[in-house]
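compute the structure for the input listed below.
(2 chains)
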There are 2 protein chains.
Amino acid sequence: MLTNSLITPPSKIIGILGGMGPMAGVDMLAKFIARTNEYGKATCDQDHIPVLLSSIPDVPDRSEFLLKNGQDPYPHLLSYAKNLQNAGATCLVIACNTAHYWFDRLQADLPNLTMLSMIDTTVQSAAANGKNNIGILATNATLATGLYKDKIRGAGLHYLEPNHDDQQAVMESIYLYKAGQVDKAITLMTTQKDKLISQGADIIIMGCTEVPLILADDQRTHPQHYIDATQALVDEAIAWCYQN
Amino acid sequence: MLTNSLITPPSKIIGILGGMGPMAGVDMLAKFIARTNEYGKATCDQDHIPVLLSSIPDVPDRSEFLLKNGQDPYPHLLSYAKNLQNAGATCLVIACNTAHYWFDRLQADLPNLTMLSMIDTTVQSAAANGKNNIGILATNATLATGLYKDKIRGAGLHYLEPNHDDQQAVMESIYLYKAGQVDKAITLMTTQKDKLISQGADIIIMGCTEVPLILADDQRTHPQHYIDATQALVDEAIAWCYQN
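Got it, this is the predicted structure:
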């Protein structure tokens, strides 16, 4: 609910819990707008999906906490999610795959907020795709916590992740991108994507919200190689907005 | 002030009043991130500027109200600005030039919020540029209300706007972009930019937040032709964040 009543606010406002990293939140909001245009749903500003984006990036590093006893990011995640709700958001989406480790806990702490899971909707999208061998490019922590692995295998699909050394290159690429070193990030990630394909992956989940930014050019030229978790969640959220 | 105290929030959070149109708010946030990277200020997510973006696009059309007795957008602007403040924003910027018609009224209604004006900072940027003949590409309402004209002339510079018919093409381009018809929008706007240059403009203020989106390619190849109002405000806001 909005905290003031000057106007009748939209009944559905998407809150994006972003800043992890900042460009991933921008990418998600841009995909809301682009998809609404592609659907032919918007002839003016006012036709677009209402979104509130929290891009407050001081949320402690998710992988550092899950793998290296770093600072717990949960109080920041909960605080910024509550602030989105206070500002009017009625549905919460998280622009970070790794942060989905705390999805169920957030939903329990925010019972009045609809939450849509990037992991669930991406695996559903993979299953609907008809491919069997699903590769993944994601953070060390997303792999270690089994966020995707368990659900992909649960859907009866074969799961393929980079080996230990290759995964270090994936992680280095993600951190380089977050540090603004885009060209190096692209080179490293493209090599790992090609390896997964050569190892038999039919399709690759871009399972970290930096990956569709890093591999944007390759995704344009080889769209058949990818399932973009950010896009899958945006499509789910837009469908939720248009319900009833 | 944040409405909950799970964490110690950043002392400075930029609130972007966006959605006018949605891509203009995305462009502004992306410029915060890109500039922080260019400055070499960010080696990880946590180094970036904290931003809250309101992209709730049901704010009634600013030009329609100012020129055609449309619905008053002010209650929406005030409501969404208040919600940004409630969610933690300590400084407000508006990702719409025309909406700066209500800048002083918003500041009076939100006395505890720092507000930075896109118009003021853009005209300062033009004056510092050393050029004398300042062309402008903006909405009918921004021109009719004299938002830029008065301040440009006040700075002792020559002000040049499109003639009546040409301005209709500028406005058509802006509305086409908002409706997702990007190619047509680019063709129309590029023609009007070239006309202003041929009429003697030394530099052109992109004085509608859709214009840097529409003319992005031309700005890349002819950066010397442009002052981007969105970029000018972002630079001012980043400087504000790094003060003290």
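
tell me the buried residues in the helix or strand harbouring residue A:191?
Residue A:191 belongs to helix A:182-198 when assigned by DSSP states H and E. Within helix A:182-198, the residues scored as buried using 16 or more other C-beta atoms under 10 Å in any protein chain shown are A:185-186, A:188-189, A:192-193, A:195-197. (Each C-beta comes from the backbone N, C-alpha and C, glycine too.)

of those residues, closest to residue B:8?
residue A:185 (31.3 Å; C-beta to C-beta).

which of the residues in the helix or strand hosting residue A:126 are buried?
Under the criterion of DSSP H and E, residue A:126 resides in helix A:118-128. Using 16+ other C-beta under 10 Å as the test for burial, helix A:118-128 gives A:118-119, A:121-123, A:125-127.

average pLDDT for that helix?
Helix A:118-128 carries an average pLDDT of 96.

partners of the next helix or strand after it in the sheet?
As assigned by DSSP H and E, the chain's next helix or strand after helix A:118-128 is strand A:133-137. Applying DSSP bridges to the sheet, strand A:133-137 is found paired with strand A:158-160 (parallel), strand A:203-206 (parallel).

could those be laid out in CSV, adding mean pLDDT?
Converted to CSV, the strands paired with strand A:133-137 look like this (pLDDT from 0 to 100):
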stretch, mean pLDDT
strand A:158-160, 97
strand A:203-206, 97
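
and the ones you listed, which is most packed in?
strand A:203-206 (a mean of 25; mean count of other C-beta atoms under 10 Å in any protein chain shown).

contacts for it, please.
Strand A:203-206 is touched from outside by A:122, A:126, A:129, A:131, A:133-138, A:148, A:193, A:196-197, A:212, A:215, A:219, A:224-230, with contacts defined as C-beta atoms under 8 Å, 6 or more residues apart in numbering or on different chains.

quick one, phi/psi of the residue nearest to residue A:113 when sequence neighbours are not counted?
Take residue A:113 and drop its neighbours on the chain: the residue closest to it by C-beta to C-beta, 6 or more residues apart in numbering or on different chains is residue A:92, 5.1 Å away. With angles defined as degrees, to the nearest 10, residue A:92 sits at phi -110, psi 130.

burial of residue A:92, as a residue count?
For residue A:92, the tally of surrounding residues (other C-beta atoms under 10 Å in any protein chain shown) stands at 24.

for it, give its distance to residue B:204.
41 Å (C-beta to C-beta, to the nearest Å).

show the contacting residues for the residue nearest to residue A:113.
Here residue A:92 is in contact with A:14-15, A:17, A:81, A:84-85, A:106, A:110, A:113-116 (C-beta under 8 Å, 6+ apart).

just the closest of those to chain B, please.
residue A:84 (6.8 Å; C-beta to the nearest C-beta).

quick one, strands of chain A?
Ranges of strands in chain A, per DSSP state E, are A:14-17, A:51-55, A:91-94, A:114-115, A:133-137, A:158-160, A:203-206, A:226-228.

most neighbours per residue, which of the ones you listed?
The most buried one of the strands of chain A (mean count of other C-beta under 10 Å) is strand A:51-55, showing a mean of 30.

and that strand, which strands flank it?
Going by DSSP bridges, the partners of strand A:51-55 are strand A:14-17 (parallel), strand B:51-55 (antiparallel).

quick one: closest of those strands to residue A:69.
Closest among the strands paired with strand A:51-55, using C-beta to C-beta: strand A:14-17, at 23.5 Å.

can you show me the CA trace of the closest one as PDB?
Extracted in PDB, the C-alpha atoms of strand A:14-17 (Å, rounded to 0.1, in the frame of the first residue of the first chain):
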ATOM      1  CA  ILE A  14       6.500  -4.500  -9.500                       C
ATOM      2  CA  GLY A  15       9.300  -4.000  -7.000                       C
ATOM      3  CA  ILE A  16      12.700  -5.000  -8.300                       C
ATOM      4  CA  LEU A  17      15.200  -5.800  -5.600                       C
END
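
what about that strand, average pLDDT?
98.

and for stretch A:234-244?
94.

how about it: buried residues?
A:234-238, A:240-241.

also stretch A:102-116?
Buried residues in stretch A:102-116 (16+ other C-beta under 10 Å): A:102-103, A:106, A:110, A:113-116.

if you look at the residues you listed, which of them are in helices?
A:103, A:106 (DSSP state H).

check the buried residues of stretch A:102-116 against residue A:168 and report the nearest one.
Looking across the buried residues of stretch A:102-116 and measuring by C-beta to C-beta, the closest to residue A:168 is residue A:102, at 24.7 Å.

where's the closest one relative to residue A:113, distance?
14 Å.

state the distance spanning the first to the last residue of stretch A:177-184.
Terminal residues of stretch A:177-184 lie 8 Å apart, using C-alpha to C-alpha, to the nearest Å.

what's the answer for stretch A:191-204, then?
13 Å.

residue A:137 contacts residue A:209, correct?
No. Contact between residue A:137 and residue A:209 fails when scored by C-beta atoms under 8 Å: they sit 11.3 Å apart.

out of everything not next to it in sequence, what's closest to residue A:145?
Residue A:145's closest residue in space is residue A:101 (C-beta to C-beta, 6+ apart), at 5.3 Å.

show me what contacts residue A:240?
A:12, A:91, A:114, A:116.

wait, isn't residue A:110 in contact with residue A:84?
No. Residue A:110 is not in contact with residue A:84 according to C-beta under 8 Å; the separation is 9.5 Å.

any chance of the contacts of residue A:92 in TSV, with distance to residue A:164 too?
Output for these, formatted as TSV (distance: C-beta to C-beta, whole Å):
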residue	distance to residue A:164
A:14	37
A:15	37
A:17	31
A:81	34
A:84	37
A:85	40
A:106	31
A:110	36
A:113	38
A:114	38
A:115	33
A:116	32
